[in-house]
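Visitor: Would you be able to build a 3D model of this:
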Amino acid sequence: MRLFVDVDDTLVLWQGLDGESSMDSWTPNEALIKAIIEYVYTTPDVYLYIWSGGGVGYAELFAERLLGDVVPYAALSKDTTMPQDDDVCIDDQFLKVKGRCVTWERWCSEEQSTGDNS
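Guide: Now for the predicted structure:
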């Protein structure tokens, strides 16, 4: 199973929605980061991908800052044709993908209540 996690407004929460945000006006989504780390370490054969419409470099920048060496991941440019039937996408927007797409709030809630996100 693969877990695809979006950067903007999912892994990173931006301040100010008026279009005047700067690279300094974000906060880490601590609830999601904690849930991802726990999930990766308790779920056999899960692969974590941090992806963004901003490209692989943008995804890598935030993945390195927020996850570093804590969990293995790969950074990708967002490509909605990649997820397959058993995959999960965590995103602030609904994505038409083969796998399951959920918001971070829902995924974290499910993780706490069931311990299983697949």
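
Visitor: gap between the closest residue to V40 other than its chain neighbours and D85?
Guide: Nearest non-adjacent residue to V40, counting by C-beta to C-beta, 6 or more residues apart in numbering: V71, 4.5 Å away. Using the backbone N, CA and C atoms, a C-beta is placed for each residue, glycine as well. According to C-beta to C-beta, to the nearest Å, V71 and D85 sit 24 Å apart.

Visitor: Report the secondary structure state of the residue nearest to V40.
Guide: Using DSSP: H, G, I helix; E, B strand; the rest coil, the structure places V71 in coil.

Visitor: for it, what are its contacts?
Guide: Counting by C-beta atoms under 8 Å, 6 or more residues apart in numbering, V71 makes contact with 36-37, 40-41, 48.

Visitor: who touches the helix or strand encompassing L3?
Guide: Assessed by DSSP states H and E, L3 sits inside strand 2-6. By C-beta under 8 Å, 6+ apart, the list of residues contacting strand 2-6 from outside reads 11, 32, 36, 39-40, 46-52, 76, 78, 82-84, 86-93, 99, 117.

Visitor: Need the buried ones from those selected in PyMOL.
Guide: Paste this into PyMOL to select the buried members of those, with burial taken from 16 or more other C-beta atoms under 10 Å:
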select buried, resi 11+32+36+39+40+46+48+49+50+51+52+76+78+82+83+87+88+89+90+91+99+117
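
Visitor: Out of the contacts of strand 2-6, list just those in strands.
Guide: Among the contacts of strand 2-6, the members found in strands (DSSP state E) are 47-52, 76, 88-90.

Visitor: so can I have TSV of the residues you listed showing distance to V7?
Guide: Formatted as TSV, these follow (distance: C-beta to C-beta, whole Å):
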residue	distance to V7
Y47	17
L48	13
Y49	11
I50	7
W51	7
S52	4
L76	10
V88	16
C89	13
I90	11
